[in-house]
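Undergrad: Here's a sequence, model it:
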Amino acid sequence: MIDLALSGFLLGFLLLGLKRPFLWVLCYLYVDIVSPQVISWGILAHFPVSLMAFAAAFLGWVLFDDKRDSRITGRQILLALLLFYCAVSTLRAVYPVEAQEKWAWVWKALVFAIFLPFTLRTRLRIEAVALVMVLSAAALIVDGGLKTALGGSGYGTLRIFVDNNTGLYEGSILSCVAIAIIPIILWLAKYGTVFPPDWRVRVFAAALIFACALIPVGTQARTGLVCLGVLCLFYLRTARHKVLIAGGMALAVMVALPFLPASFLARMGTIENHQSDQSAGTRLGVWSWTWDYAKHNPLGGGFVVSMASRVAYDTVSVQTVGNSTTVTRTPVVEQGRAFHSSYFEMLGEQGFPGFFLWILLQLTGLVQMEMIRRRWRKRTGADEAWVAPLAIALQLAQVVYLIGSLFVGIAFQPFILMLIGLQCGFWSYLKRIDTTVPERHLKAPEMRVQAATPPRGAAGRHRRRIGTGRAP
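TA: Residues are numbered from 1 along each chain as shown. Below you'll find the predicted structure:
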């Protein structure tokens, strides 16, 4: 039954695109985020659904969409340069076969991020992309939130739809994305036009935000807890009632603590005492190995070069009984462990050039959203009030991603690249419409001057007086 529902929904999405080709872009967002072919065990599992949706989105734009307002942005050029550099590094990768497997989905995610801004010509399209991204991620988040609320959580044991540990189905990645979309949910609930804000939208938004907050608890991913804390701190930067909101956050934490599972609290405790945790020790060891590798291989080793890593470290446990303290050191040696950080992932796989392209792509996004916020924050017109809050939401989402990516290797996560594509389209759209605003405002004064121009005779006497130097 689930298989038929997924197949019918996707087929309906594709058929609607025959009337509105832009819907194929939204269809690809849904397919790439939810991956219905992974959930399905029947029809969809036997077709290259993602490639079909990608081809439909691209061909629909090429053949049917209006391209007069399409323009390329500087960040799209950065994405193209990063795509080219990754292609070159894949050709000379240390592990060429394994590198091709990662390249097979990375190139598609990068190409779509470059392509997406060309389709975002209107506010409605920008909102539609944000809405579909949120609702698609919500399919996974609501499932995980319900299972967490019903007691089905645990580190490495929370299953979202199916037993899968890739993409957004991986606990730490889903935790990061779930916290990152909270600002976008709030924006949609206040400024959305597809679903105009009313009590039903607000209730759904509140429930979805609660589910997002439950994901770090259900997955017991420390990344999610750090992301949630950072989001709260940065949200206060632009909030009006800072003291009231900060007090509410503190109260919510105090109320929630007694209801949190003991296993979750124990795992979160390893953030402070990381030396006793083997997972944290692995991260630090791999990061040290990556830095040494990058110094000897500044151009990187290509995708999955972490398979060559070998780290050795000691886990430290301290036990105190009475007045005596026992320190136990346990040596650990591991090979072929993942980078556990987007920053070191870029440094090891793409070297210093790829790392600087990637970090420049991220920093320019933060700067552009801040520029939009400052330029539009005092505009309160019906068609302008939504701009600055969306810039803040997209900026906060990216900040959460950058913090979460410190601990998870998600440099090329498709959802995040879609977010970058949305930022690029948003920036390009505002640059286009904002250049027409001064022209509209200049016409009104001209008309007033013409209306106040004195009769022809009076104007002639006025000019003659000025010419003779006498006061009028």
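Undergrad: Just the CA trace of the strand or helix carrying Leu29, in CSV.
TA: Following DSSP states H and E, the helix or strand that holds Leu29 is helix 22-34. Written as CSV, here are the backbone C-alpha positions of helix 22-34 (Å, rounded to 0.1, in the frame of the first residue of the first chain):
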residue,chain,number,x,y,z
PHE,A,22,8.5,24.4,-12.8
LEU,A,23,6.8,21.7,-10.8
TRP,A,24,9.4,19.3,-12.1
VAL,A,25,12.0,21.3,-10.2
LEU,A,26,10.0,20.8,-7.1
CYS,A,27,9.6,17.2,-7.9
TYR,A,28,13.3,16.7,-8.0
LEU,A,29,13.7,18.4,-4.6
TYR,A,30,11.2,16.0,-3.2
VAL,A,31,12.9,12.9,-4.8
ASP,A,32,16.4,13.9,-3.8
ILE,A,33,15.4,14.6,-0.1
VAL,A,34,12.9,11.9,0.6
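Undergrad: next one: it to chain centre, how far?
TA: Counting by Cα atoms, centre = their mean, to the nearest Å, helix 22-34 is centred 16 Å from the centre of its parent chain.
Undergrad: and what of stretch 8-16?
TA: Centroid separation between stretch 8-16 and its chain, computed with Cα atoms, centre = their mean, is 26 Å.
Undergrad: Next: stretch 126-136.
TA: Averaging C-alpha positions (Cα atoms, centre = their mean) puts stretch 126-136 12 Å from its chain's average.
Undergrad: Quick check: buried residues in that stretch?
TA: Buried residues in stretch 126-136, defined by neighbour count with 16 or more other Cβ atoms under 10 Å: 126-136. (Each C-beta comes from the backbone N, C-alpha and C, glycine too.)
Undergrad: Could you do stretch 56-69 as well?
TA: For stretch 56-69, a neighbour-count test (16+ other Cβ under 10 Å) marks 56-58, 60-61, 65 as buried.
Undergrad: and what of stretch 4-20?
TA: By 16+ other Cβ under 10 Å, the buried positions in stretch 4-20 come out as 6-7, 10, 13-14, 17.
Undergrad: what two of these have the greatest distance between them?
TA: Greatest spatial distance among the buried residues of stretch 4-20 (Cβ to Cβ): Leu6 and Gly17, at 17.2 Å.
Undergrad: now the angle from the strand or helix carrying Ala5 to helix 22-34?
TA: In this structure, Ala5 is located in helix 2-16 according to DSSP H and E. Helix 2-16 and helix 22-34 meet at an angle of 150 degrees, taking axes from the mean of the first three to the mean of the last three Cα atoms, to 10 degrees as the criterion.
Undergrad: what residues does helix 2-16 touch?
TA: 23-24, 26-27, 30-31, 36, 39-44, 49, 53, 56 (Cβ atoms under 8 Å, 6 or more residues apart in numbering).
Undergrad: Let's check: the centremost residue of the protein is which one?
TA: What sits nearest the mean C-alpha location of the chain, by Cα atoms, centre = their mean, is Ile416, with 3.7 Å.
Undergrad: How about the contacts made by the closest residue to Cys424 other than its chain neighbours?
TA: Among residues not flanking Cys424 along the chain, Pro117 sits closest, at 4.0 Å (Cβ to Cβ, 6 or more residues apart in numbering). By Cβ under 8 Å, 6+ apart, the contact list for Pro117 reads 73, 76, 421-422, 424-425, 428.
Undergrad: for the residues you listed, which one is nearest Leu236?
TA: Using Cβ to Cβ, these come closest to Leu236 at Leu422, 24.3 Å.
Undergrad: Quick check: which helices or strands does the helix or strand hosting the closest one pack against?
TA: Here Leu422 is covered by helix 414-434, with elements defined by DSSP H and E. Helices and strands in packing contact with helix 414-434 are listed as helix 22-34, helix 74-91, helix 96-119, helix 123-149, helix 171-180, helix 342-376, helix 387-404; criterion 3 or more Cβ pairs under 8 Å, 6 or more residues apart in numbering; DSSP states H and E.
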